[in-house]
Each structure stands twice: as structure tokens, then as C-alpha cells.
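Asks: Model the following, please.
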Amino acid sequence: MSDAGHSTTKGHVYRVDKFVVPPQAMDEFMQRVRQTHELLRQQPGFVRDAVLEQSSGPGEFNIVTIAEWQGQDAVERARTVVKARHQSQGFDPQVLMKRLGIRADIGNYRSVDAGR
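Replies: You can find the predicted model right below:
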């Protein structure tokens with residue numbers, strides 16, 4: 001993950017999106033992912049991100065994106081900016097995913113103490 005230089009992750013929120021992307025849809029999907037992450041990196045409260053492609057293992061999700069934020073408020077602000085950008089472009093992510101046959105599992109996560 002690219003690092004924006006932070007000293008603590010307490011209270012940070014991790015947006016983790018997992019996708020099953022058919023091979024024929026990969027180029028178009030990844031182009032949209034890159035555009036979205038470029039916009040996310042410019043938002044206040046952004047910490048770092050990663051876009052991962054499965055290289056081995058039995059899991060069904062072949063693309064995973066992770067964005068770390070300083071808090072839930074930063075996530076909400078970024079979501080509003082991304083939604084406005086999509087609307088201004090006439091882009092509907094749900095329509096794209098349906099058209100390309102992409103399935104997703106999306107959620108926000110917080111760090112847990114591994115010692116507990």
C-alpha cells in the first residue's frame with residue numbers, strides 16, 4: 001500500500017472492496033478502479049491504498065481494493081465526492097458491474113488487537 005506518512009492507525013477505517021471480475025471485463029473494470037483511486041488519493045483524510053489481484057489460492061475474489069482513511073467522517077466525505085464525480089460523468093457503477101457480470105463484497109473495517 002502506498003503510504004502517506006502517518007503515526008497512528010487508531011480509529012482508522014479500511015474500505016475493503018472485493019470483486020469477482022470475468023477476464024473479458026478486466027480492462028474496463030480496472031480503468032474505472034484506477035480513476036476512482038486517483039480521486040480518492042486527493043481527498044482529506046486519505047492515508048493509503050492498494051489494488052490487489054489474486055495470484056494464487058482458492059478464493060473466488062480476484063480483485064481486492066483497500067483504502068485506509070483517518071476516520072469514518074473522511075470515508076463519508078470521499079464517498080460524496082466520488083458519487084458527485086460519477087453523476088457528472090453519467091456513470092453508474094451498479095450498471096457497469098451488472099453489464100460486465102461483476103460480483104462484489106464491499107465493507108468498512110477497523111483494526112483489531114491481534115493479541116486479544
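
Asks: Quick one, grab the pLDDT at the spatially closest residue to residue 101 that is not a sequence neighbour.
Replies: Nearest residue to residue 101, sequence neighbours excluded (CB to CB, 6 or more residues apart in numbering): residue 22, at 5.1 Å. Just so you know, the C-beta spots here come from the backbone N, C-alpha and C atoms, and that holds for glycine as well. Looking at residue 22, its pLDDT is 96.

Asks: Tell me if I'm right that residue 22 and residue 97 touch.
Replies: No. Taking contacts as CB atoms under 8 Å, residue 22 lies outside contact range of residue 97: 10.9 Å.

Asks: Look at the residue lying closest to residue 43 once chain neighbours are set aside and give its secondary structure.
Replies: Nearest in space to residue 43, with sequence neighbours left out and distances taken as CB to CB, 6+ apart, is residue 78 at 4.3 Å. Using DSSP: H, G, I helix; E, B strand; the rest coil, the secondary structure recorded for residue 78 is helix.

Asks: got any ranges where this protein has weak pLDDT?
Replies: 1-8, 113-116 (pLDDT under 70).

Asks: which residues in it form helices?
Replies: 26-40, 72-89, 93-100 (DSSP state H).

Asks: Can you say which of those is nearest to residue 57?
Replies: With respect to residue 57, and counting by CB to CB, the nearest of those is helix 26-40 at 18.0 Å.

Asks: List the buried residues for the closest one?
Replies: 29, 33, 36-37, 40 (16 or more other CB atoms under 10 Å).
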